[in-house]
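Engineer: Sequence first, then the predicted structure, then my questions.
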Amino acid sequence: MQTEHIFKQYDTELESARAKVLEMGSLVEQQILDALESLVTSNAKLSETVIKKEHLVNALEVQLDEDCSHLIARRQPAAGDLRMILTIVKLITDLERIGDEAAKIARFAQKTFKTDRMWTPRFAEIKTMANLAHKMLHMSLDAFARSDANKVIEIAQMDENVDDQYRMTIRHLITFMLEDPRSISMSLEVLSIAKAIERIGDHSKNIAEYVVYMVKGKDVRHISIEEMKQKVAKP
């Protein structure tokens, strides 16, 4: 009976860690949406909310780090359980960095509120990329929740689309700056926002790759999509 109780408590601790990851992911997702909304609508209060939530994300990362350390020390997990705990440790680092990028976007949004420049038309240049990066994060978190390794291929392909959008944005901004030097300051700020969104895509792809390791025990980082397909397809 005591052994059964220990196993049940262990399972409860693992499930609690998973739930906290999804709580942290939901918080970061909302940060992204609110940061982008504050940028489009010039909502200073909303951008401030995004920045203030940064400490909540950081606190969850620290708490999960401690939880995982205790699980490893006290339970000595093996095989799939160990992979899941190691995945959580890596995953929450990327989530925290995504939260940082969302806060960065909110801070740039605040800078625009203090000027008379037309911002919304320029934001249209990166709106598609922003929506795609957010979708990548949502899918990656869903893959973690469902232990679904197969989504990594679609997410990796979406990351390539985000990169293409980023390069296109750079070209457009260079054109704006050459045509009108008065747009240089604004264009550089848009470029910083675009870079933050591109980094959100990168971190979201990382999360999907960690899920493959958690489910299949295979490392699919730093390889082509074709190689990734082959690894994921193998049992």
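Structural biologist: Now that the structure is in, tell me what you want to look at.
Engineer: The lengthiest helix in the chain: which residues count as buried?
Structural biologist: In the chain, with assignment by DSSP state H, the single longest helix is helix 2-41. If you call a residue buried by 16 or more other C-beta atoms under 10 Å, then helix 2-41 has these buried ones: 13-14, 17, 20-21, 24-25, 27-29, 31-36, 38-39. For glycine as for every other residue, the C-beta is placed from the backbone atoms N, C-alpha and C.
Engineer: In terms of secondary structure, what does that helix contact?
Structural biologist: Here helix 2-41 touches helix 44-52, helix 54-75, helix 79-113, helix 120-146, going by 3 or more C-beta pairs under 8 Å, 6 or more residues apart in numbering; DSSP states H and E.
Engineer: any chance of those helices in a markdown table, with mean pLDDT, distance to Ala208 and mean neighbour count too?
Structural biologist: As requested, the helices and strands packed on helix 2-41 are exported to a markdown table (pLDDT from 0 to 100; distance: least, C-beta to C-beta, whole Å; neighbours: other C-beta atoms under 10 Å):
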| stretch | mean pLDDT | distance to Ala208 | mean neighbour count |
| --- | --- | --- | --- |
| helix 44-52 | 94 | 24 | 17 |
| helix 54-75 | 95 | 19 | 15 |
| helix 79-113 | 93 | 10 | 20 |
| helix 120-146 | 87 | 4 | 19 |
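Engineer: could those helices go into JSON lines alongside distance to Ile197?
Structural biologist: Below are those laid out as JSON lines (distance: least, C-beta to C-beta, whole Å):
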{"stretch": "helix 44-52", "distance to Ile197": "14"}
{"stretch": "helix 54-75", "distance to Ile197": "17"}
{"stretch": "helix 79-113", "distance to Ile197": "7"}
{"stretch": "helix 120-146", "distance to Ile197": "5"}
